[in-house]
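Asks: below are the sequence and a predicted model; questions follow.
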Amino acid sequence: MPDPPNAGPPPATHATTPSANASILRHRAGVLRDLAITIERASAMSLDRDAGADTWLGVRPLLCHNVLLTNLMQVHGAVEDLRWNAWQLERRANEIDAAARLLQAATGGGW
C-alpha cells in the first residue's frame, strides 16, 4: 500500500506557540483522512462484489462469504473511526486557535 501524501514526518513536536500546536493537529488530521481514503480505495474493499459462489472452496461457502462481509464491515468501521478522530483533532485545533486569539486580544498583541 503506498504512503498517503501527508505521511511525511509531522511538524516538530516541540512547538511553543498555540498556532504551531494547532498546525500539528491539523497535519495529523490530514494524515488520518488520507489513510481513510487509501483504505477505501484498496482493491480488497471490493472483494465481496468479486466473490461469487464458485469462489469458495469447502463445504460452507456461505459461511466464508459472511465472514468476508463481517470483516469488510469492520474495516469500514475503522475507516469511520479514522475520520472521527481526524474531526476531533481539527476541532481541538480550532479551539486552540480561538483561545489564542482571545488571549492575544486580552493581552493586546503578540506572544
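Replies: Nice, I can see it.
Asks: and the most centrally placed residue in the chain, what element?
Replies: For the chain, residue 32 is the residue whose C-alpha lies nearest the centre (Cα atoms, centre = their mean; 2.6 Å). Under DSSP states H and E, the secondary-structure element containing residue 32 is helix 18-41.
Asks: so the residue nearest to the centre of the chain makes contact with residue 89?
Replies: Yes - contact criterion Cβ atoms under 8 Å: residue 32 and residue 89 qualify, at 7.2 Å. Where C-beta positions appear, they are placed from N, C-alpha and C, glycine not excepted.
Asks: what pLDDT, on average, does the helix holding residue 32 get?
Replies: Averaged over helix 18-41, pLDDT sits at 96.
Asks: one more: stretch 103-111?
Replies: 76.
Asks: now stretch 66-83
Replies: On average, stretch 66-83 scores 96.
Asks: need the CA coordinates for that stretch. CSV is fine.
Replies: Presented in CSV, the C-alpha positions along stretch 66-83 are these (Å, rounded to 0.1, in the frame of the first residue of the first chain):
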residue,chain,number,x,y,z
ASN,A,66,-20.5,-14.0,5.6
VAL,A,67,-17.1,-13.8,7.3
LEU,A,68,-15.8,-11.7,4.5
LEU,A,69,-18.8,-9.3,4.8
THR,A,70,-18.2,-9.1,8.5
ASN,A,71,-14.6,-8.3,8.0
LEU,A,72,-15.4,-5.6,5.4
MET,A,73,-17.9,-4.0,7.8
GLN,A,74,-15.2,-3.9,10.5
VAL,A,75,-12.8,-2.2,8.1
HIS,A,76,-15.5,0.3,7.1
GLY,A,77,-16.0,1.0,10.8
ALA,A,78,-12.3,1.5,11.3
VAL,A,79,-12.3,4.0,8.4
GLU,A,80,-15.1,5.9,10.0
ASP,A,81,-13.1,5.9,13.3
LEU,A,82,-10.2,7.4,11.4
ARG,A,83,-12.4,10.2,10.1
